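S.K.: give me a model of this one.
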Amino acid sequence: MYAVLGRPFSIAREEWVWLAPLFLMVAGIYGVSEVAAQWNGVSTATLVADYVGKALRAIPLVVSLGLLYHLIRALLSGDAQPLSSMVAALRPQLRDASGLISRLLPLALMPVLFAAMGMLKMQIPHIMPFYLDDLFAAADRLLFLGRQPWEVTHAVFGSTGATMVIDRLYTLWVFGLSVAIGYFALIAPRSERARFFLNFTAIWIVLGVFGAYIGSSAGPCFLASMASPSAPEYAGLMERLVSIDAALKANGGMGLGALQWQHMLWSAHETDTIAFSMGISAMPSLHNAIAFLYVLLAFRIGRVAGIIASLFALTTFVGSVHLGWHYAVDGLVAFAGTYAVWLGVERYLRTA
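M.R.: Purely as a prediction, here's the structure:
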């Protein structure tokens, strides 16, 4: 038994079944990140405050979207008093202490997870220096019959306008992350909440840590800076992106966000800067992994939701290559790894 606001309650077993492994995964990866950080004279704790601050700033937006969701549901139901119906629907959830913990604990754990992942990502060059870029570039060339995949995407979507749209949509991934975390924590049914957070956390750890260290690579956009033998194959890509960026700015618009971020990341890498959202890692692509997780989850909601999520995942995959962030194999490995994690979580939830 526990007490919250002076009222005793017990956390239901069905909540412990997924909250316990979620907590252990986050605590475990935080411990690993702290060891790696201390080895290099820094501390993961310095990043936690940054991620908590970002999370707190996102709370008003997430709560507003949640309330809007419940209001729209009440309006669509044809209720004569939608606001009263919304409050009535929310009241039991707020009074259920066990359910409240199951909603708030994942939200509290996510900044810790991201801080640990960020620190481990920034330690890759110290522990496992980038060594597989040329191999992945060769694999892409083999898959695309002697051409690099960016040549294909720029042949189809190579205009300034199309590249700008791809760049903006690729950036939306971060916003989508906040919305997804908020939705599954505060609105989704318990079973889907458990499924999302177990998969989400496992993907970040299995692919984002173990996968990133095993497949240590920087990505096409950094090949020239590393003086890689494969850099000439991507020189045309980077020249096109710089040209498109200049054209956008010449017309009074924003340049490509991808180039701005790539410059910041490489500068932080060169100066060994420990900061929010820094760190370089190409294989496997977490952008593609999380986008594919949305697809798997969305098809459980319905066919239309699944198709929309699939289009987003396809756009993310194209963008990851088109903007020089990733090799095509980064995305393909991410898809396979995400599905493997999904099957493992499904098996656990069925047998737990």
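S.K.: what comes up buried for the helix or strand that contains Gly331?
M.R.: Gly331 is part of helix 328-351 when elements are defined by DSSP states H and E. Buried residues in helix 328-351, counting neighbours by 16 or more other Cβ atoms under 10 Å, are found at 328-335, 337-338, 341-342, 345. Heads up, the C-betas are built off the backbone N, CA and C, glycines and all.
S.K.: same thing with stretch 269-281?
M.R.: Here stretch 269-281 shows 269, 274, 277-281 as buried, counting by 16+ other Cβ under 10 Å.
S.K.: just curious, which of the residues you listed is nearest to Leu100?
M.R.: Using Cβ to Cβ, the shortest approach to Leu100 within those belongs to Ser277, at 30.0 Å.
S.K.: show me the buried residues of stretch 269-281 that map onto helices.
M.R.: Secondary structure defined by DSSP state H assigns His269 of the buried residues of stretch 269-281 to helices.
S.K.: need the buried residues of stretch 269-281 in JSON lines (columns: pLDDT and distance to Ile72).
M.R.: Supplementary listing: those in JSON lines, determined by pLDDT from 0 to 100; distance: Cβ to Cβ, whole Å:
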{"residue": "His269", "pLDDT": "95", "distance to Ile72": "44"}
{"residue": "Ile274", "pLDDT": "87", "distance to Ile72": "42"}
{"residue": "Ser277", "pLDDT": "85", "distance to Ile72": "32"}
{"residue": "Met278", "pLDDT": "91", "distance to Ile72": "38"}
{"residue": "Gly279", "pLDDT": "94", "distance to Ile72": "38"}
{"residue": "Ile280", "pLDDT": "96", "distance to Ile72": "40"}
{"residue": "Ser281", "pLDDT": "96", "distance to Ile72": "38"}
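S.K.: is it possible to export the buried residues of stretch 269-281 to CSV including distance to Lys121?
M.R.: Converted to CSV, the buried residues of stretch 269-281 look like this (distance: Cβ to Cβ, whole Å):
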residue, distance to Lys121
His269, 11
Ile274, 11
Ser277, 10
Met278, 8
Gly279, 3
Ile280, 7
Ser281, 5
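S.K.: rounded mean pLDDT for the host helix or strand of Tyr183, please.
M.R.: Tyr183 belongs to helix 160-186 when elements are defined using DSSP H and E. Per-residue pLDDT over helix 160-186 has a mean of 92.
S.K.: which pair in the buried residues of stretch 269-281 spans the largest distance?
M.R.: The widest separation within these, taken as Cβ to Cβ, falls between Ile274 and Ser281 and amounts to 15.3 Å.
S.K.: nearest to Gly31 among the buried residues of helix 328-351?
M.R.: If you rank the buried residues of helix 328-351 by distance to Gly31 using Cβ to Cβ, Val341 comes first, at 20.8 Å.
S.K.: quick one: contacts for the residue nearest to Thr315 when sequence neighbours are not counted?
M.R.: By the measure of Cβ to Cβ, 6 or more residues apart in numbering, the closest residue to Thr315 outside its immediate chain neighbours is Leu169, 5.2 Å from it. With contact taken as Cβ atoms under 8 Å, 6 or more residues apart in numbering, Leu169 is in contact with 312, 315-316, 319.
S.K.: can you list those in CSV and add secondary structure?
M.R.: Conversion of those to CSV gives the following (DSSP: H, G, I helix; E, B strand; the rest coil):
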residue, secondary structure
Phe312, helix
Thr315, helix
Thr316, helix
Gly319, helix
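S.K.: turn those into a markdown table, columns for neighbour count.
M.R.: Formatted as a markdown table, these follow (neighbours: other Cβ atoms under 10 Å):
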| residue | neighbour count |
| --- | --- |
| Phe312 | 19 |
| Thr315 | 18 |
| Thr316 | 26 |
| Gly319 | 27 |
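S.K.: can you give me the helices in the stretch 151-300 of the chain?
M.R.: Chain-ordered helices for the stretch 151-300 of the chain, with DSSP state H, counting those that start in this stretch as the definition, fall at 160-186, 190-205, 212-214, 232-250, 257-271, 286-301.
S.K.: so for Leu349, which of the ones you listed sits nearest?
M.R.: So among those, helix 190-205 is nearest, using Cβ to Cβ, at 6.5 Å.
S.K.: alpha carbons of the closest one, in CSV - could you do that?
M.R.: Included here for helix 190-205 are C-alpha records, laid out as CSV according to Å, rounded to 0.1, in the frame of the first residue of the first chain:
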residue,chain,number,x,y,z
ARG,A,190,-3.5,1.3,-20.6
SER,A,191,-2.6,-1.5,-23.0
GLU,A,192,-1.5,0.8,-25.7
ARG,A,193,0.4,3.0,-23.2
ALA,A,194,2.3,0.0,-22.1
ARG,A,195,3.0,-1.1,-25.6
PHE,A,196,4.2,2.3,-26.7
PHE,A,197,6.6,3.0,-23.8
LEU,A,198,8.1,-0.4,-23.7
ASN,A,199,8.8,-0.4,-27.4
PHE,A,200,9.9,3.2,-27.5
THR,A,201,12.4,2.8,-24.6
ALA,A,202,13.7,-0.5,-25.9
ILE,A,203,14.2,0.9,-29.3
TRP,A,204,16.3,3.8,-28.0
ILE,A,205,18.4,1.4,-25.9
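S.K.: so how far is that helix from its chain's centroid?
M.R.: Mean-position distance between helix 190-205 and its chain equals 12 Å (Cα atoms, centre = their mean, to the nearest Å).
S.K.: what sits against Asp134?
M.R.: By Cβ under 8 Å, 6+ apart, the contact list for Asp134 reads 228-230.
S.K.: ok, now with 10 Å
M.R.: Listed by Cβ atoms under 10 Å, 6 or more residues apart in numbering, the contact partners of Asp134 are 217, 223, 226, 228-231, 233.
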